[in-house]
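A.B. asks: Provided below for reference: sequence and predicted model.
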4 protein chains.
Amino acid sequence: MSDKPEAMPADAPVREQAATFRPVAEGMEKHMNVYHPVLDHGFIAVKDYMGDDVSVLQMARMSYGKGTKSVADDRSLLRYLMRHFHTSPFEGCVIKLHVKLPIFVMRQWVRHRTASLNEYSARYSIMPDEFYMPEPSQLAVQSKDNKQGRGDNLTPEQAEEVLRMLKADAQRNFQSYHQLLNADEDGKTIDEDRAGIARELARIGLPVSAYTQMYWQTNLHNLMHFLRLRADVHAQYEIRIYADKMLEIMADWVPMTTEAFRDYQLDASRLSRMELALVKDLLAGKATMADAERYGMTKREIREFQTRFEV
Amino acid sequence: MSDKPEAMPADAPVREQAATFRPVAEGMEKHMNVYHPVLDHGFIAVKDYMGDDVSVLQMARMSYGKGTKSVADDRSLLRYLMRHFHTSPFEGCVIKLHVKLPIFVMRQWVRHRTASLNEYSARYSIMPDEFYMPEPSQLAVQSKDNKQGRGDNLTPEQAEEVLRMLKADAQRNFQSYHQLLNADEDGKTIDEDRAGIARELARIGLPVSAYTQMYWQTNLHNLMHFLRLRADVHAQYEIRIYADKMLEIMADWVPMTTEAFRDYQLDASRLSRMELALVKDLLAGKATMADAERYGMTKREIREFQTRFEV
Amino acid sequence: MSDKPEAMPADAPVREQAATFRPVAEGMEKHMNVYHPVLDHGFIAVKDYMGDDVSVLQMARMSYGKGTKSVADDRSLLRYLMRHFHTSPFEGCVIKLHVKLPIFVMRQWVRHRTASLNEYSARYSIMPDEFYMPEPSQLAVQSKDNKQGRGDNLTPEQAEEVLRMLKADAQRNFQSYHQLLNADEDGKTIDEDRAGIARELARIGLPVSAYTQMYWQTNLHNLMHFLRLRADVHAQYEIRIYADKMLEIMADWVPMTTEAFRDYQLDASRLSRMELALVKDLLAGKATMADAERYGMTKREIREFQTRFEV
Amino acid sequence: MSDKPEAMPADAPVREQAATFRPVAEGMEKHMNVYHPVLDHGFIAVKDYMGDDVSVLQMARMSYGKGTKSVADDRSLLRYLMRHFHTSPFEGCVIKLHVKLPIFVMRQWVRHRTASLNEYSARYSIMPDEFYMPEPSQLAVQSKDNKQGRGDNLTPEQAEEVLRMLKADAQRNFQSYHQLLNADEDGKTIDEDRAGIARELARIGLPVSAYTQMYWQTNLHNLMHFLRLRADVHAQYEIRIYADKMLEIMADWVPMTTEAFRDYQLDASRLSRMELALVKDLLAGKATMADAERYGMTKREIREFQTRFEV
């Protein structure tokens, strides 16, 4: 693992081994309490997990009872479950992560409601002086054809100017924050002759680029839902890079499930009723792409269909 | 209703009446599409609702079948449900709100996961130049004995200085935002000779005091849970004031439920095993407050007990 | 509507109209409190609803802000939402149903957890003497190739014998039930000289074909999930017929959503990574079905692919 | 552990130990894959778990940040969390159980929606010939004052007669089941000259006393909610006995949490607004029980108050 040591918080627990009668996922054990850096100050670390590929199969086999005597092998059964959206056996695996991330990423993350989370409280404690500054290579102009995306990259000069502005503003915000608190990052009083305002008030001027942290826990079924949406090219880069790291961890944890997830979901595709009819007729030689509009598809759908099937 | 007209967005729909076979809560109809101002730029408006006190009772009566023939009257049954935590009949009522609120309040709000929400997207659209500035009367120093609360109020001079700082910073953040977007609040390009950076990037410097908006929908059971936590003195003032307004609306919507909610939950109290034993012995004359520690209560619990029971 | 009047319970409320400022779905109003018979003694009735097609669009438009100025028309936006799995706007519509159904169907129904329900309590009240008897045309032998399905139909003589057995057993179970309760269906004591056993015990001998009833409420997003699974040919006939009726009701309630739901979900199809590659190569003339195995598909997947695309 | 060996299914996995970097709850390890018998044919077994008392504290401490430096010790912090309903840290612990239980108990169990479950499928596989017969000591007449409870016990003669009826009926139901399936409990065909009807149909005549089984998984927060409702004297005996066993297991798993749970929730009590006022005045000598009605309490509430406080 190429983890920069600085990603690990000073108070992270020492890795210690003990014996258990529970299922152990060997590939996941090596991730336990390892802090993987993400973005400029963030991280993801696995704090705990439950279950493995075999747990998924065990739950499925209990449901099917003697009726699955005949099912050939583990991989086939697991792929069958994934292919037919038998989702409940995947809920039997759980992952608990420690994540440090910018507030604006957190705000996208919490839209996934079927999860447990504890976040650092800026009412109880002082926020550390850390805010996200994009890599110059990530700075781009507004996309013309994608209302929520990025277009061409900035020139180095433009990028430098953008970062200068963002940085100056964020620094000033944090400066004001400490002024209002009358306390530095370690909580030490700045001016003994006056009182600071309440932490819950002082923080309202901090930018959404400020880093927060949380423990986040979800089951494998909901993790895959998260990854389908967030490890996707339409997701904002700053959350996608967390999702990409999670997908890597998942592949070490439940390799068989991850393979099936890719084949039947992540890298799979969907055909609308109209597209299904069109593909059928294309294959039967009863239609050409020139007929596509007759199938009720919009110009945009036709364009996307052509890209997808290279026709 | 004392609603300032300016609370209503320009594109709010006209109030129009139509006939329905559904249960109608008269007290709620008057709130439909009325925008109640909250804080300096926020609002709450009821966009839709389902059910009323009678709906709660109807669900309960179906469960009990002929077994409730004997139950005297509506109010008794409703209070019985509330008192015994028969929560599912309350899930049959639903409320949909349009809420405008500062981002830091939104971040507390979304911790309530059993709800549906759609939020304004700063990836799609430009954020309006609006940020929360506390009333001077709300500015206070950090509380000494409550780690997450406010203590004494600031002097008018201190308050003025705090607001000056918060305002100057927020204004500068919004200025930079438009500079980065190369667009004003209405989306008009500022400098035709250059491109603005992507909206999803430009917004990362905005403060958590900036206003966002959402549609938020929950059922009556979960609304009461929200109010127990957020209409409480321990909640931060800026979310409590939204909760207070929601409690007012609830009282107009389901008056009988609201009365029972106050009596058995909001204004009710809880006795730990130790407190229960102490109260019993106090009432029997077998103990005095001097004996409290023997019951296993901490000094803090004893202090809070004394405040609560005025002993 | 072809509703048999006997489907309506004696105590169903009279349909009464009142004025509301809420959105009204005209197509749904005609279903309010109408009891649609399902199976031999079951029913589905709409007791309440919230929202319509326009509500879905209103939530989406708030999220997109001024960014959607350009979006042409309602139908296009709604189809866009469905196609891209923007699910949250659909959560803004809610339906509350009164359903009477056999216990074994109920047991499948409750697997859908994101819903509110109140069920008739056999601890409080006496269960009515009603149990499900399949139509002879629904009786079939165990399927050979589908472990959880039905194969060929029974002959009329076999069917008659099966129904005779099921009926005799269920009748005896209900007879014993009343004997144990020492009470008839109306709760009248049978033998004044003895006490009946507790209702919660007497009912343990009743068959899972016995009818129960519930209020069931869910939002449109979760309703569509229910229908994808239960209005499907793999669902057991006895729950599918409820789902079919719900789909009919949905089409009257939110016609635009229903059309999009059919086109992009219900009648849509899914291509695995392997199938996508195969279709591409088939369309480009780089492969024939004889090559399918090389793409990593199992024999079963190939067979199903051929059926689906008629190749 | 006094577990009858026959509670363990023939195909239960061998207990094997392995090393892990995860938190290990020593008290829980001894329960792993141990089958505790419940009722006449049921069982509960821990199949997996995640977290322990320390995990709860670790999540809480991350939220509070440096703000909790001062918090004295683990037990105090844990009791503080329980007392103030800081529920999210408890969601960080998860338990997965294998449970065998009668269908009518299962039907109560699934009302708890925030859990994952996989149940044995009677569409795929043949149901074993097992049904619940109460102990004679559990047979009781319908309670007069509790609409959903049990009153006096039956005489031995009455009990014998009740069990004779229940048993004869259940046996006949299972006999018919096999007749309809044309297969015995092991799936062996009875009469080679005819086909059995589909499993999904044959099972509709089975009684709700028949045993089913499931994997059931929930987090510690929701487990406590389950136990508050089901380890309660108002719960039906047949589910309470499962809850009691789960509470025992919980005490071995998270002893500190269990102690706090008992003190602040399970053995705690609640005072309505009216009761709170009454207790205050009783303690101050400003009222006697004769004044209770003036506080707005019903006769029933007064009676229950007197029982609770022995006044």
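C.D. replies: Done, it's in.

A.B. asks: for burial, what's the neighbour tally of A:M82?
C.D. replies: 25 (other C-beta atoms under 10 Å in any protein chain shown). Yep, even glycine has a C-beta here, placed from its N, CA and C like the rest.

A.B. asks: and for the one 3 residues further on?
C.D. replies: Applying other C-beta under 10 Å, we find 11 residues neighbouring A:F85.

A.B. asks: now A:I126
C.D. replies: Counted with other C-beta under 10 Å, A:I126 comes out at 21.

A.B. asks: before we move on, what about A:D193?
C.D. replies: 6.

A.B. asks: over to A:R111?
C.D. replies: A:R111: 14 neighbours (other C-beta under 10 Å).

A.B. asks: where's it relative to B:E119, distance?
C.D. replies: 8 Å (C-beta to C-beta, to the nearest Å).

A.B. asks: next one: A:F226
C.D. replies: Taking C-beta to C-beta as the measure, A:F226 and B:E119 are separated by 18 Å.

A.B. asks: repeat for A:D129
C.D. replies: Distance from A:D129 to B:E119, by C-beta to C-beta: 28 Å.

A.B. asks: who's more crowded, the two?
C.D. replies: B:E119 (19 against 16).

A.B. asks: now the more buried one. Nearest residue, chain neighbours left out?
C.D. replies: Closest residue to B:E119 apart from its sequence neighbours, by C-beta to C-beta, 6 or more residues apart in numbering or on different chains: B:M214 at 4.3 Å.

A.B. asks: check the offset of the helix or strand containing the one you found from the chain's centre.
C.D. replies: Assigned by DSSP states H and E, B:M214 falls within strand B:211-219. Strand B:211-219 sits 11 Å away from the centroid of its parent chain (C-alpha atoms, centre = their mean, to the nearest Å).

A.B. asks: same thing with stretch A:188-208?
C.D. replies: 32 Å.

A.B. asks: and it, does that touch chain B?
C.D. replies: Yes. Counting by C-beta under 8 Å from any C-beta of the partner chain, chain B has neighbours in stretch A:188-208: A:194-201, A:203-208.

A.B. asks: looking at those residues, which one is closest to B:G92?
C.D. replies: A:E200 (35.8 Å; C-beta to C-beta).

A.B. asks: list the contacts of A:L223.
C.D. replies: Taking C-beta atoms under 8 Å, 6 or more residues apart in numbering or on different chains, we find A:L223 in contact with A:I95, A:M246, A:M250.

A.B. asks: which parts of chain A sit against chain C?
C.D. replies: A:64, A:67-68, A:76, A:83, A:85, A:147-148, A:229, A:262-264, A:267-276, A:279-280, A:282-284, A:296, A:298, A:301, A:308-311.

A.B. asks: buried subset of the residues you listed as a ChimeraX selection?
C.D. replies: This is the ChimeraX syntax for the buried subset of these, where burial follows 16 or more other C-beta atoms under 10 Å in any protein chain shown:
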select /A:64,67,68,83,147,148,229,262,263,264,268,270,271,272,273,274,275,276,279,280,282,283,301,308,309,311
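
A.B. asks: if you count neighbours, what's buried in the helix of greatest length in chain A?
C.D. replies: The longest helix of chain A (DSSP state H) is helix A:156-181. Judged by neighbour count (16+ other C-beta under 10 Å), helix A:156-181 contains these buried residues: A:158-159, A:162-163, A:165-166, A:169-170, A:172-174, A:176-181.

A.B. asks: quick one: the helices in the stretch 51-200 of chain A?
C.D. replies: Taking DSSP state H, counting those that start in this stretch as the test, the helices found in the stretch 51-200 of chain A are A:53-64, A:74-83, A:103-109, A:156-181, A:199-202.

A.B. asks: the first one vs helix A:74-83, what angle?
C.D. replies: In other words, helix A:53-64. Between helix A:53-64 and helix A:74-83, the angle comes out at 70 degrees (axes from the mean of the first three to the mean of the last three C-alpha atoms, to 10 degrees).

A.B. asks: do helix A:53-64 and chain D meet?
C.D. replies: Yes. Helix A:53-64 lies within reach of chain D by C-beta under 8 Å from any C-beta, at A:S55, A:Q58, A:M59, A:A60, A:M62, A:S63, A:Y64.

A.B. asks: spit out the contact partners of A:D52.
C.D. replies: Counted by C-beta under 8 Å, 6+ apart, A:D52 has contacts A:P23, A:V24, A:A25, A:M28, A:C93, A:W253, A:V254.

A.B. asks: and for A:L229?
C.D. replies: Applying C-beta under 8 Å, 6+ apart, the residues near A:L229 are A:A235, C:F85.

A.B. asks: with the one 3 residues further on instead?
C.D. replies: Contacts for A:D232 were tallied using C-beta under 8 Å, 6+ apart; they are A:R240.

A.B. asks: could you look up the SS state of it?
C.D. replies: coil (DSSP: H, G, I helix; E, B strand; the rest coil).

A.B. asks: cool, the one 10 residues further on as well?
C.D. replies: On the three-state scheme (three-state DSSP), A:Y242 is labelled helix.

A.B. asks: in contact with it: list those residues for me.
C.D. replies: A:V38, A:G42, A:I44, A:V99, A:L101, A:V105, A:W109, A:R230.

A.B. asks: same thing with A:A277?
C.D. replies: So A:A277 contacts A:Y295 (C-beta under 8 Å, 6+ apart).

A.B. asks: what bridges to the residue nearest to B:E119?
C.D. replies: Going by DSSP bridges, B:M214 is paired in beta bridges with B:V99, B:E119.

A.B. asks: send me stretch A:200-208 as PDB with only the CA atoms.
C.D. replies: Output of stretch A:200-208 as PDB, limited to C-alpha atoms (Å, rounded to 0.1, in the frame of the first residue of the first chain):
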ATOM      1  CA  GLU A 200     -21.700  26.700  17.000                       C
ATOM      2  CA  LEU A 201     -21.900  30.400  15.900                       C
ATOM      3  CA  ALA A 202     -18.200  31.000  15.000                       C
ATOM      4  CA  ARG A 203     -18.200  28.200  12.500                       C
ATOM      5  CA  ILE A 204     -21.000  29.600  10.300                       C
ATOM      6  CA  GLY A 205     -18.400  31.500   8.200                       C
ATOM      7  CA  LEU A 206     -16.300  28.500   7.300                       C
ATOM      8  CA  PRO A 207     -16.300  27.400   3.700                       C
ATOM      9  CA  VAL A 208     -17.800  24.200   2.400                       C
END
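
A.B. asks: is that stretch positioned near chain D?
C.D. replies: No. Contact of stretch A:200-208 with chain D is not found when judged by C-beta under 8 Å from any C-beta; the minimum separation is 11.7 Å.

A.B. asks: cool, and stretch A:163-181?
C.D. replies: No. Judged by C-beta under 8 Å from any C-beta, stretch A:163-181 makes no contact with chain D; its nearest approach is 12.6 Å.
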